[in-house]
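# Compute the structure for the input listed below.
(2 chains)
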Amino acid sequence: MALLPVKFDLKKRVKLAQTVWFMYWFAVLAGVLVLSMGLFFKIELRKRSELMDNNESHFLPNLLILMGLIACSINVFGGKVCYDSLDPDKFAKWKPMLKTYLVFCVGFNALLLVTAVLCFLMRIPMQFTLAEGLRNGMRYYKDTDTPGRCYMKRTLDLMQIEFRCCGNDNYRDWFEIQWVSNRYLDFSSKEVKDRIGSNVDGQYLMDGVPFSCCNPSSPRPCIQAQMTNNTAHYSYDHYTEDLNVWKRGCREALLSYYGGMMNTIGALVILVTMLEASVTVGMQYVHSSLCNLANPEDPESESEGWLLEKTVKETFTDIMDKMKSMGKGIKVEEGEPAVETVS
Amino acid sequence: MAVGKVTFSKVEREKLAEVLWLLNWISVVTGTILFGLGLFLRVEIHKWQEVMSEQGILYVPDMLITTGLAACCINFFGGKICLDCADTNKFLRWKLVMMPYIICTFFFTSCVLAGALMCYGIRSQMEESLFMGLRNAMRYYKDTDTPGRCNLKRTVDLLQIQFQCCGNTGYRDWFHIQWISSRYLDMSSSAVVDRMRSNVEGKYLMDGVPFSCCSTFSPWPCIQHHLSTSSTQDKQSQQLNLWRRGCRQALLDHYTGIMQSIGLTVLLIWLFELLVLTGVRYLQTAMENVLRLGDPESESDGWILENSLAETARSNFNIIKNLGKCYQVDDDPNINVPTQVQVPVTSYFVPETRTKT
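Take a look at the predicted model:
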């Protein structure tokens, strides 16, 4: 008992082949879309790889690029087969490989679905990468004379301005590191010496933030230094002042940016998977209807197309039996030389 | 002596009509491009409108928008006309409309040229507008509690960050104005009071700049205050700390660049429209001459002007003068002039009773 059988006459077969051919071209475009999304994501990761400590995983964008390329190629092949299916002579040369092609398509669709799920899950490892990268970035903020790190200050400043954020979790992260280079500290001053002496690591810590943390929407000029000292500034209370510097932490800002991007990509990949599944189903119907002509000599006769030749359960048991027999065949081959030597 | 006379055979006329139909459709596309360019320029000017003192600059994008819309409509209409002109019978339908259509096209083509020239000529007006606008914006920087000006601080800060500039001509412009609101000054402090007394207008002036002037290229943390006193850094290295360019120059360069590219595109569109206009004029004159000759299969002449330029100008001038004369009744020689010859009124009405003697 076939699964979802449908009767086809010549007209219906031609219509089906044309529709599936048309859908295959859409699927090629969808493959190009997946490829370009992978490229876009890769470029975005590269742009800010400094903030992720050059440690970010490019696994997901590489996978998307690969899936896009495979999708394009199998869809072009499928379109060609569909086009040829209207002509029995041309179709005859494709017939033998169609079964393997369809099995491969099913596998590919499953992989696409896995990729979509990965897009949504990728947020979690990214959180840790960003936390680590930002912490190190802030530590190297002052090293504008160390080769390899001299652009970290500029990168962090531009990022804080663009993403409207300050520090890792919030602006207080800047209080815990020395972000003013020793080159610009006057070591003969008493105030500097006191500050350096006041902590174990001998760092010049201050309750101030860089200028890129300043919020342009604040009604008063930016207070970047002595932020926790209410008396240092007129009419200032650092507990209630919330427009002075950006309140959001940069890790959260970057995570929501990349998270949004990945959610969109994941949603689009799910749509592409659905499209691919439907073209695979269409191709299966084309293949089965052309293989079961009532009169094999007459191309215009009626035929029946189906999704699966037997029911799901029977197909499953068939596959299991086939795998078992394949396994037995290998075992027998291995056993034979041993038998020969004994006798 | 006709200007630009060309002879057309029937086949050539049909070909010309087809080519013009295609060109008219391309013109519709260029009309939409013109409209799009005008819209883009309007949006760009609107973004930083708060730092421009006069809104007269908006007439450049408005001109481009209206001309673009007019181009779309006229060329859409023209495409239909040109397709019909291939056949003499259908041409009769449009005969009366052709001349006004050509005049309209000529008029709007000159508007396109005017739009292109305006793009290049507006630079000096824009510079003046930016100078006044930026000066006012900086003056109102501190007024974040005055309705209508409360967003100026944010606008100026974002402008300085985005365009990497500081002040009007340079960063020293900030030294001449009070950019810290009095709300945040401790009036009881003697330092503050001294500073405010030190100048005529009682303003709190300082040698410091807002944070948005800080350069991201600088290798050390930004020094915004006490800029006039040289501290541990030497004057040479101070150059990298703040943005050196003035915002007026930055904005002027930005807008000049945009308008020069737009102006060039509009000039190219104008040349294309001129080509279409010339083709339509030739088609119109050729078809009219065919009708005059009476034989649809014969050759006919097409021209740009029937007589030489001087004669055409003279005849047009006479037409305009005569148009004017219709409304000037006093100059008519037949009205209100006393009769000079006494006409014997009786000679026509006396019956023939006089006998011949």
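
# so what's the closest residue to B:Ala2 other than its chain neighbours up against?
Spatial nearest neighbour of B:Ala2, excluding adjacent residues (CB to CB, 6 or more residues apart in numbering or on different chains): B:Trp303 at 3.9 Å. Where C-beta positions appear, they are placed from N, C-alpha and C, glycine not excepted. For B:Trp303, the contact set (CB atoms under 8 Å, 6 or more residues apart in numbering or on different chains) comprises B:2-6, B:282, B:285.

# Looking at those residues, spot the one nearest A:Leu33.
Ranked by distance to A:Leu33 (CB to CB), those are led by B:Tyr282 at 48.9 Å.

# quick one: which of the contacts of B:Trp303 is most hemmed in?
Neighbour count (other CB atoms under 10 Å in any protein chain shown) singles out B:Thr285 as the most crowded of the contacts of B:Trp303, with 24 neighbours.

# Help me confirm that that residue comes into contact with B:Leu291.
No - B:Thr285 is beyond contact range of B:Leu291, at 10.9 Å (criterion: CB atoms under 8 Å).

# Would you check that A:Val56 makes contact with A:Glu132?
In this structure residue A:56 is Glu, not Val. No - using CB under 8 Å, A:Glu56 makes no contact with A:Glu132, being 10.3 Å away.

# near chain B, which residues of the stretch 151-300 of chain A show up?
A:153-154, A:157-158, A:161, A:179-181, A:183-184, A:186, A:210-212, A:214, A:216-222, A:224, A:233-236 (CB under 8 Å from any CB of the partner chain).

# Specify the local secondary structure of B:Asn199.
coil (DSSP: H, G, I helix; E, B strand; the rest coil).

# now do B:Asp207
Three-state call for B:Asp207 (three-state DSSP): coil.

# Neighbours of it, how many?
13.

# cool, and the one 4 residues further on?
A count of nearby residues for B:Phe211, using other CB under 10 Å, gives 22.

# hmm, back to that, wait, which of the contacts of B:Trp303 is closest to A:Gly167?
Looking across the contacts of B:Trp303 and measuring by CB to CB, the closest to A:Gly167 is B:Tyr282, at 72.2 Å.

# Next up, the contacts around the nearest residue to B:Gly170 once chain neighbours are set aside.
Nearest-residue entry for B:Gly170: B:Gly246, 5.1 Å, with adjacent residues in sequence omitted and distances by CB to CB, 6+ apart. Contacts for B:Gly246 were tallied using CB under 8 Å, 6+ apart; they are B:165-170, B:173.

# ok, 6 Å please
Applying CB atoms under 6 Å, 6 or more residues apart in numbering or on different chains to B:Gly246 gives the contacts B:165, B:167-170.

# Stretch A:128-143 near chain B at all?
No - Stretch A:128-143 stays clear of chain B (CB under 6 Å from any CB of the partner chain), getting no nearer than 8.3 Å.

# Report how many residues lie close to the residue of the stretch 201-350 of chain B found nearest chain A.
Residue nearest to chain A within the stretch 201-350 of chain B: B:Pro219 (3.7 Å; CB to the nearest CB). Per other CB under 10 Å, the neighbour tally for B:Pro219 reads 19.

# Likewise for B:Pro61?
B:Pro61 has 24 neighbours, counted by other CB under 10 Å.

# what are the phi and psi values for it?
Backbone torsions for B:Pro61, taken as degrees, to the nearest 10, come to phi -60, psi -30.

# centre of the chain versus the strand or helix carrying B:Leu41, how much separation?
Secondary structure from DSSP states H and E places B:Leu41 in helix B:10-47. On the basis of CA atoms, centre = their mean, to the nearest Å, helix B:10-47 sits 17 Å off its chain's mean C-alpha point.

# and what of stretch B:132-142?
The answer for stretch B:132-142 is 28 Å, by CA atoms, centre = their mean.

# That one near chain A anywhere?
No - Stretch B:132-142 lies out of reach of chain A by CB under 6 Å from any CB, never closer than 8.3 Å.

# Please export the C-alpha coordinates of that stretch as CSV.
What follows is stretch B:132-142, C-alpha atoms only, in CSV (Å, rounded to 0.1, in the frame of the first residue of the first chain):
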residue,chain,number,x,y,z
MET,B,132,24.9,81.2,10.7
GLY,B,133,23.2,78.0,11.6
LEU,B,134,26.2,76.4,13.4
ARG,B,135,26.9,79.6,15.3
ASN,B,136,23.3,79.6,16.6
ALA,B,137,23.4,75.9,17.3
MET,B,138,26.5,76.3,19.4
ARG,B,139,25.1,79.3,21.2
TYR,B,140,22.0,77.3,22.1
TYR,B,141,24.0,74.1,23.0
LYS,B,142,23.5,74.7,26.7
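
# so how far is B:Tyr282 from A:Met122?
Going from A:Met122 to B:Tyr282 by CB to CB, to the nearest Å gives 66 Å.

# and the stretch 201-350 of chain B, which residues reach chain A?
Residues of the stretch 201-350 of chain B lying near chain A (CB under 6 Å from any CB): B:211, B:214, B:216, B:219-222, B:232.

# in chain B, which spans are helices?
For chain B, the helices defined by DSSP state H occupy B:10-47, B:59-84, B:88-121, B:123-139, B:152-163, B:190-197, B:235-238, B:247-293, B:309-326.

# is it possible to export those to TSV including mean pLDDT?
Output for the helices of chain B, formatted as TSV (pLDDT from 0 to 100):
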stretch	mean pLDDT
helix B:10-47	93
helix B:59-84	91
helix B:88-121	87
helix B:123-139	93
helix B:152-163	95
helix B:190-197	90
helix B:235-238	52
helix B:247-293	92
helix B:309-326	83
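
# Could you export those to JSON lines, including columns for distance to A:Phe41?
Formatted as JSON lines, these follow (distance: least, CB to CB, whole Å):
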{"stretch": "helix B:10-47", "distance to A:Phe41": "29"}
{"stretch": "helix B:59-84", "distance to A:Phe41": "37"}
{"stretch": "helix B:88-121", "distance to A:Phe41": "40"}
{"stretch": "helix B:123-139", "distance to A:Phe41": "40"}
{"stretch": "helix B:152-163", "distance to A:Phe41": "27"}
{"stretch": "helix B:190-197", "distance to A:Phe41": "54"}
{"stretch": "helix B:235-238", "distance to A:Phe41": "40"}
{"stretch": "helix B:247-293", "distance to A:Phe41": "31"}
{"stretch": "helix B:309-326", "distance to A:Phe41": "65"}
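
# Of all these, which one is nearest A:Ser289?
helix B:10-47 (45.3 Å).

# Number of residues surrounding whichever residue of the stretch 1-150 of chain B sits closest to chain A?
Using CB to the nearest CB, B:Thr144 is the residue of the stretch 1-150 of chain B that sits closest to chain A, at 3.7 Å. When neighbours are counted by other CB under 10 Å, B:Thr144 registers 19.

# what about it, distance to A:Cys222?
Between B:Thr144 and A:Cys222 the distance is 13 Å, computed by CB to CB.
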